[in-house]
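Chemist: What follows is a predicted protein model with its sequence.
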Amino acid sequence: MEHSLKDFFGFTKFRPFQKEIIQKVLEGRDCLVVMATGSGKSLCYQLPPLISKKSAIVISPLLSLMMDQVMALKQRGINSEYLGSTQSDSSVSTKAGQGNYDILFMTPEKALGLSNSFWKGLARNGLSLLAVDEAHCISEWGHDFRKEYQQLYKLREVLPNVPFLALTATATERVRGDIKRYLNLDNIFEVVSTFDRPNLFYGAKYISRSQTFREELAREVLKDCRSGGSTIIYCTTIKDVEEVTETLTQSGIDARGYHAQMRPKDRETAHRAFAHDEIQIIVATVAFGMGIDKPDIRRVIHYGCPKSLESYYQESGRCGRDGLPSSCWLYYSRADFGKADYYTAEAETEARKKVILDVYHAAEKYCRSSTCRRKYILEYFGEIVPYDNCGNCDNCVMRRNVQERDMSEEVHLLLSSVDLCGGRFGIVMPIDVLRGSRSKKVLENKFDELPLYGLGSSKTSNWWKALSDELLEEGYLKETRRDMYRFVSVGPVGKKFLQNASSRRVPIMIIPNPEMRDEESKQSGVTDNRANSLALQQTASARITQSMSEQEAKLCESLLKMRANLAKRNATAPYAVCSEITLQNLAKARPSSRARLLNIEGVNQWLVGKHGDEILRVIKEKATELELPLDSAERTIIESQKVPNSVRGYGESPSPAKVEAWEMWEKLQLTISEIANLPERPRPIKFETVAEYILDCCKAGYELNWQRFYQETGFNSSILKEIEAGVARVGCVDKLKPIKEQVPEHVSYLHLKIFCTMQELSLPLPDVGNEDGHSREEHATKDSENGTQIIKTSGEVQAKTDSANICNEEAETVSNGNQESDALICDDSQVKSELPWSNENYHLPSTQKRAPVWRTDSNGTTKLVRTEEGGTITKAYLRKNLTEESLMDWLSERDGASIRDMLVAFRTRESSLDALLKKLEEDFLIYKRNDIYRVI
Ligand SMILES: Nc1ncnc2c1ncn2[C@@H]1O[C@H](COP(=O)(O)OP(=O)(O)OP(=O)(O)O)[C@@H](O)[C@H]1O
């Protein structure tokens, strides 16, 4: 399975659940797969036919979706086609019946219209599976109900022994029940994974729909265009599509509209231009919903609240499907929430009407929420979310700047006004009364004589409406509907509050919701940071990732251009040639040979065979120009997506070098400076690098003494505040550069990374107390005369043991814990006699497990303070003769080895080893990843 995964798709690892699902399908079991958008569901039906060499049928709701998929599969050398009205090749149908395609797509209508003899013929030739994609369409409880989906059980009857695989990104329990029932799924293997999309930033903002806002939108989108990446702007009406497109084009942006009233040909042209990166922005109604399979969309903007949270999840889910950071902004206006009647008009039953209203109100609540948006979405889909702060939505980013405050006075005014109006009006009348309106209705009812008339004039009408939303939510107010009208009265919680208020006022702490904040900032003239929130979309641009250097980013730009040319030459979309993540991996690793190219995550045999030479040429030319070495040692593969279902903060296992840094810091209690400047290192490494290694381990679940870490890195509460202010100005933490520009000089990138890690891990901010975090310079202070390290804590000066003492302490600890380690401490002469070479560069050999740590004490004696776990020092230095055979034997015995490990084992020259390794790689006997060689 792994071979096929690499050969056809270029990936080396399965994502969670993919392998299990594929295995079950191959065993002939029915499967129901509910996994987030972009989690890799497609692979579950794409791989089985390639392994079993039997065709797969995929039922998909939209032709455009199928066409995209077929295009991308063909670029991977996978023989696929679709059957449908736009299929111009008449031979496809005959070939399909003969089982000539690996994967054959069709709509449910087409599938139900095909003759029994067609299906039987196909089954005779062998079918690996029948997949029903977007399976939620089967259920009336789902949001994209399609009647034909419910007829698909008929295919079961003609294909009795073919496993059915139902896939969807959104399905509540009820919808899952419908899917199983309607498809007659039997002995099912069911996977329901998290809905979380960790790479997506969520935000919502209250707007007034005006030309001014559209112009603001255009200005921000224009900035985005410069930073690259595609954008979808979803609108709720065709009129909005036209207005937004017009404003964008008037601002010089090449955007196209897409809606149901356009001619099919024009829609197809717009779709194609977008998919092929000829235009960056498409402004669309939901007609553009499921029909887009582009993995590198960086921004999805909703101009108006969608009709359900399910739709929102799915439409915004089109963003960042390749796993790179991307953002989803929703702009809503109050008018968006008055469309319930419009949406329910088509409901045939009361039950259906209730479903439509429920999902619609969930979307409305999402907009107005002032708490973690990710948590809101996930809980809506039934997940238990253990954190309150995801650190990657507008509310979480803003939280520390938006304090909850006592609004008991305002609540009292509003409730009293509602009460005095007698529950005979909607919310507008009591608000008009508070604001001292001279409207006819107010005067007719003599409300201008009420004692609280005009007492709330300092707040805008919309502010009061936004407060009433909160109060309705909490039961202080109650809304009843009669015919078309809504009446507001004081609810049970509100009545109790009013009763108590005469004796004592209980504080009511409320976090102002986005609309309240927006109204307040409009009034004060100070722009809410989120008023400029469109700028956030830029920050999500993943073209230049944090993990790439400036030069590598330039190389990546050249590779993007090369990909665009290749796509043009092959009349396909750039993303179908290879993903942006693969290009980033290439820019970082810079392979020099076809064998090394094939090692890169995301590169498959087909890509190497078809475009390998050109890719290598561009890398070589551009890398030389940029003075970047080929076959970079520092190759960090960009993770395309965090593992769904993983505990937050517990990600990939860190590299041995990182674990070693963590161990030295946490277990040996060395300081970051000491680790960076270990005397036995050929060159010191940067303080920041060591600190980041430790942070990475912490992200992977390793324990960390935060207090000590803050002290060493100089992270303190004032720095924290400065970063928070910077983040608030920028709006999110996707990219550090804009934040760095907003904070004082003394706040370093390392401080920003610490801040992000804390956010990412949803850890409560530890109390960093007074401004006592010391700068690292302070901690690194070393009294060179007596070799004593000085560490200052809370104003005290404390002498710490010198490094020689640390050696002894550690030796004791380790020897107690591990009797078999027989070389825990030895002097320089012992060490030197064991060393296999004279080259000082290899003074600190590293093994894959725990590298020995050498310390030089103040007398200049080098000692080994720790050796490979469970092993002995002599074992590590056994001499071997280097031959192709001995190296292969040696490598097959272990799960990978670095060059240094091999040099230690074989005592050979690096050049001979390098030549041999190259040859073995070219012969496809071994491969290299992250500087570790393994047998294929
Ligand atoms: N094992 C893997 N390793 C790395 N990338 C993968 C792997 N499996 C899938 N991908 C990539 O993840 C991205 C999303 O995959 P896919 O389109 O299958 O998602 P999906 O779950 O079907 O999403 P949707 O619900 O939007 O259809 C694609 O770019 C795909 O190439």
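Modeler: It's in.
Chemist: What average pLDDT does the one helix or strand V904 maps to get?
Modeler: Using DSSP states H and E, the element containing V904 is helix 899-906. The pLDDT scores in helix 899-906 average 77.
Chemist: any idea how far that helix is from the chain center?
Modeler: 38 Å (Cα atoms, centre = their mean, to the nearest Å).
Chemist: quick one, strands of the stretch 301-450 of the chain?
Modeler: Along the stretch 301-450 of the chain, the stretches classed as strands by DSSP state E, counting those that start in this stretch are 326-332, 405-406.
Chemist: Now render those strands as a markdown table, adding distance to S632, mean pLDDT and mean neighbour count.
Modeler: Where you see a C-beta, it was placed from the backbone N, CA and C, and this is true even at glycine. Below are the strands of the stretch 301-450 of the chain laid out as a markdown table (distance: least, Cβ to Cβ, whole Å; pLDDT from 0 to 100; neighbours: other Cβ atoms under 10 Å):
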| stretch | distance to S632 | mean pLDDT | mean neighbour count |
| --- | --- | --- | --- |
| strand 326-332 | 27 | 91 | 27 |
| strand 405-406 | 52 | 84 | 13 |
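Chemist: closest to the ligand out of the ones you listed?
Modeler: strand 326-332 (12.4 Å; Cβ to the nearest ligand atom).
Chemist: Is that closest one in proximity to the ligand?
Modeler: No. Against the ligand, strand 326-332 shows no contacts by Cβ under 6 Å from any ligand atom, the least distance being 12.4 Å.
Chemist: and the strands of the stretch 301-450 of the chain as a markdown table, adding distance to A623?
Modeler: Formatted as a markdown table, these follow (distance: least, Cβ to Cβ, whole Å):
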| stretch | distance to A623 |
| --- | --- |
| strand 326-332 | 28 |
| strand 405-406 | 56 |
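Chemist: nearest to K465, of these?
Modeler: strand 326-332 (13.1 Å; Cβ to Cβ).
Chemist: in stretch 66-80, what counts as buried?
Modeler: Neighbour-count burial for stretch 66-80, counted by 16 or more other Cβ atoms under 10 Å, picks out 66-78, 80.
Chemist: if we can go back for a sec, looking at the strands of the stretch 301-450 of the chain, spot the one closest to G426.
Modeler: Comparing the strands of the stretch 301-450 of the chain by Cβ to Cβ, strand 326-332 comes nearest, at 19.6 Å.
Chemist: List the neighbouring strands of the closest one plus their orientation.
Modeler: strand 200-206 (parallel), strand 297-303 (parallel) (DSSP bridges).
Chemist: I'd like those laid out as CSV, including mean pLDDT and distance to Y149.
Modeler: Shown next, in CSV, are the strands paired with strand 326-332 (pLDDT from 0 to 100; distance: least, Cβ to Cβ, whole Å):
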stretch, mean pLDDT, distance to Y149
strand 200-206, 89, 28
strand 297-303, 92, 25
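Chemist: So for Y313, which of these sits nearest?
Modeler: strand 200-206 (10.1 Å).
Chemist: So the residue nearest to D89 when sequence neighbours are not counted: helix, strand or coil?
Modeler: Closest residue to D89 apart from its sequence neighbours, by Cβ to Cβ, 6 or more residues apart in numbering: E81 at 7.8 Å. Secondary structure for E81, judged by DSSP: H, G, I helix; E, B strand; the rest coil, is strand.
Chemist: distance of E81 from the ligand?
Modeler: 19 Å (Cβ to the nearest ligand atom, to the nearest Å).
Chemist: L104 is in contact with that residue, correct?
Modeler: Yes. Under the criterion of Cβ atoms under 8 Å, E81 makes contact with L104 at 5.9 Å.
Chemist: residues touching C697, list them.
Modeler: 654, 658-659, 661-662, 704 (Cβ atoms under 8 Å, 6 or more residues apart in numbering).
Chemist: Poorly predicted segments of the stretch 51-200 of the chain, please.
Modeler: For the stretch 51-200 of the chain, applying pLDDT under 70 flags the ranges 141-144.
Chemist: so V608 is in which element?
Modeler: With DSSP H and E as the test, V608 turns up in helix 605-625.
Chemist: next structured bit after that helix?
Modeler: helix 656-662.
Chemist: now for that following helix, which elements pack on it?
Modeler: helix 687-699 (3 or more Cβ pairs under 8 Å, 6 or more residues apart in numbering; DSSP states H and E).
Chemist: For the helix it packs on, the averaged confidence score.
Modeler: The model assigns helix 687-699 a mean pLDDT of 88.
Chemist: got the CA coordinates for it in CSV?
Modeler: C-alpha atoms of helix 687-699 as CSV (Å, rounded to 0.1, in the frame of the first residue of the first chain):
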residue,chain,number,x,y,z
PHE,A,687,20.6,30.4,20.9
GLU,A,688,17.3,30.8,19.1
THR,A,689,17.7,27.5,17.3
VAL,A,690,18.1,25.7,20.5
ALA,A,691,15.2,27.5,22.1
GLU,A,692,13.1,26.6,19.1
TYR,A,693,14.2,22.9,19.3
ILE,A,694,12.9,22.9,22.9
LEU,A,695,9.7,24.6,21.9
ASP,A,696,9.2,22.0,19.1
CYS,A,697,9.6,19.2,21.6
CYS,A,698,7.1,20.9,23.8
LYS,A,699,4.6,21.0,20.9
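Chemist: picking that back up, quick check, nearest of the contacts of C697 to S93?
Modeler: Using Cβ to Cβ, the contacts of C697 come closest to S93 at P654, 52.9 Å.
Chemist: so that closest one makes contact with A700?
Modeler: Yes. When contacts are counted by Cβ under 8 Å, P654 is listed as touching A700 (5.0 Å).
Chemist: which of these two has more neighbours?
Modeler: P654 (21 against 16; other Cβ atoms under 10 Å).
Chemist: how close does the more buried one get to L887?
Modeler: Distance, P654 to L887, using Cβ to Cβ, to the nearest Å: 27 Å.
Chemist: For G320, see how far away the residue nearest to the spatial centre of the chain is.
Modeler: Centrality entry for the chain: nearest residue to the mean C-alpha point is N199, 1.3 Å, by Cα atoms, centre = their mean. Using Cβ to Cβ, N199 is found at 5 Å from G320.
Chemist: Quick check: neighbours shared by the two?
Modeler: With Cβ under 8 Å, 6+ apart, N199 and G320 have common neighbours S326.
Chemist: Show me what the helix or strand containing Y575 is packed up against.
Modeler: Take DSSP H and E as the rule and Y575 turns out to sit in helix 574-577. Contact partners of helix 574-577 among helices and strands, from 3+ Cβ pairs under 8 Å, 6+ apart: helix 63-75, helix 550-569.
Chemist: Any chance of the backbone angles for K41?
Modeler: phi -70, psi -40 (degrees, to the nearest 10).
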